[in-house]
Every structure is written in structure tokens, then in C-alpha cells.
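**Q** Here is my input; please provide its structure:
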Amino acid sequence: MKIFDAVYTAAVFLQLDGLCDAMNAEDFNREDYKTSLSAENAAELEILVRCCNLVLGELSSSEFPLKKCANTVSKSGRIEYSSLPEKITDIYCVLANGKSLPFAEYYDCVTVPYSGECVVTYSFAPRAVTLSSVSPYVGNKPSARLTAYGIAREYCLISGMTDDAALWDSRFVACVEEEARGRGSKVVRRRKWF
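**A** Numbering: from 1, shown residues only. Prediction:
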């Protein structure tokens, strides 16, 4: 998913017609949109991008965690969070020589009863995105539509439109449940007649 698509969809949902027209213009520059937009539209777009970052952070801490495995070294039974490439939110497992190790999480490290090379599986918080960024998620979930519902909700909350925020929140929650559950094929078992 491209961040532009989610932000544009949210602008359509919120009926920010002037901003939508400006984003569709031929001279619109995703990299430096402040030069190609009016001050008002640039400010609106900046708010929408900030809301997108809030939504991606929320999704990564709930139904759609960003998971990664990283090779690292345990020194005296300690694996420092700073030795891992991303900002850690949760540790799922630590493996050494193909075997799972018991671990304890602390504010700055993970301790294991092992010294040497390990593989750590963890979830992490996404980095801040810009309008020209690509989503930190690989694949089609969460979708641009789901992210746009969340952006619309956050925008309405920031703007003080609590009734509209409640509407977008209900759509966001329903879409999260739908995408988290998946749309796997439903099989109806054949009836048996006795």
C-alpha cells in the first residue's frame, strides 16, 4: 500500500474536495507537496499524514504486528535492544542452535541462559512515514481503505467532530475485524441424509 493512496482516500471520505483536487493536479509533487499546494491545503495534508502515522502505530500494536527475525549475539546472557535494527515492542521467541530459549524482558534488554549467536523474533513499531512512502506492511493487509478509516477517525477527533469520529471509528473497527479474520473461503459441508 502506498501512503498517498490511504491519505487520498481519507481526504475523499472527509469531503476535503479542495485538497483532493490539488492532490490530483498534474503539478502535484508527493516529495515536496508544500511548494505545490496552498498553505491551507498543505496544513490539511500534513495533519492527514500525522494521523496516518498514528493509525499505523495503533495497527502495529494490536491486530497487525510488524514481525521480524534478527540474528544477534547474546553477551553474558544479555541481548541489548539497541543491537536490534528496529524499536522493539514485543519479543516472541529467542532461538539458539535451533532450540527455543526461555527469556525475560527488561526495559533495555532480554536475558537468556545462553551466550553466543541467537535469532530473536520480535515485533516493532513502524518508522514515521511521509506522503511518498510505502506502507511498512508487506502484502495487502492492512488495506488502504482500513488505514483511511483510521485516518478519518483521527482527523475528526483532532478537529473536535466527535460524532463523525464515532462513525469512522465503527467503520475502522469493523474493517479491522474483517481483515484480521481474513476472507478465507467458507466451505459448507455437504448434508448427510440418514
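**Q** Contact partners for the residue positioned nearest the centre of the chain?
**A** Centroid-nearest residue in the chain, with Cα atoms, centre = their mean: L56, separated by 2.9 Å. Contacts for L56 (Cβ atoms under 8 Å, 6 or more residues apart in numbering) come out as 126, 129, 135-136, 147. No exception for glycine: its C-beta is placed from N, CA and C like everyone else's.
**Q** Please apply the same query to L16.
**A** E44.
**Q** distance of it from N41?
**A** Plainly put, L16 is 8 Å away from N41 if you go by Cβ to Cβ, to the nearest Å.
**Q** Only C-alpha atoms, please: export the helix-or-strand element of the chain with minimal mean pLDDT in PDB.
**A** Every helix and strand in the chain was compared by mean pLDDT, DSSP states H and E; the lowest is helix 33-36, with a mean of 79. Below are the C-alpha coordinates for helix 33-36, written out as PDB (Å, rounded to 0.1, in the frame of the first residue of the first chain):
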ATOM      1  CA  TYR A  33       3.900  19.000  -1.600                       C
ATOM      2  CA  LYS A  34       4.300  22.200   0.400                       C
ATOM      3  CA  THR A  35       5.500  24.000  -2.700                       C
ATOM      4  CA  SER A  36       2.700  22.800  -4.900                       C
END
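**Q** In the helix or strand just after that helix, which residues are buried?
**A** Counting by DSSP states H and E, the element after helix 33-36 in chain order, helix or strand, is helix 39-60. For helix 39-60, burial by neighbour count (16 or more other Cβ atoms under 10 Å) applies to 41-42, 44-45, 48-49, 51-56, 58-60.
**Q** Which parts of this structure are helices?
**A** Assigned by DSSP state H, the chain shows helices spanning 3-13, 17-24, 33-36, 39-60, 144-159, 162-181.
**Q** Go through these and find the least confident stretch.
**A** Mean pLDDT is lowest for helix 33-36 among the helices of the chain, at a mean of 79.
**Q** Tell me the helices and strands packed up against that one.
**A** For helix 33-36, the elements it packs on are helix 39-60, judged by 3 or more Cβ pairs under 8 Å, 6 or more residues apart in numbering; DSSP states H and E.
**Q** just how off-centre is the helix it packs on within its chain?
**A** 13 Å (Cα atoms, centre = their mean, to the nearest Å).
**Q** Quick one: work out the angle between it and helix 162-181.
**A** 40 degrees (axes from the mean of the first three to the mean of the last three Cα atoms, to 10 degrees).
**Q** still on that earlier bit, with distance to G182 and neighbour count added, can I get the contacts of L56 in CSV?
**A** What follows is the contacts of L56, written out as CSV (distance: Cβ to Cβ, whole Å; neighbours: other Cβ atoms under 10 Å):
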residue, distance to G182, neighbour count
P126, 22, 19
V129, 25, 18
S135, 18, 22
P136, 20, 18
T147, 17, 26
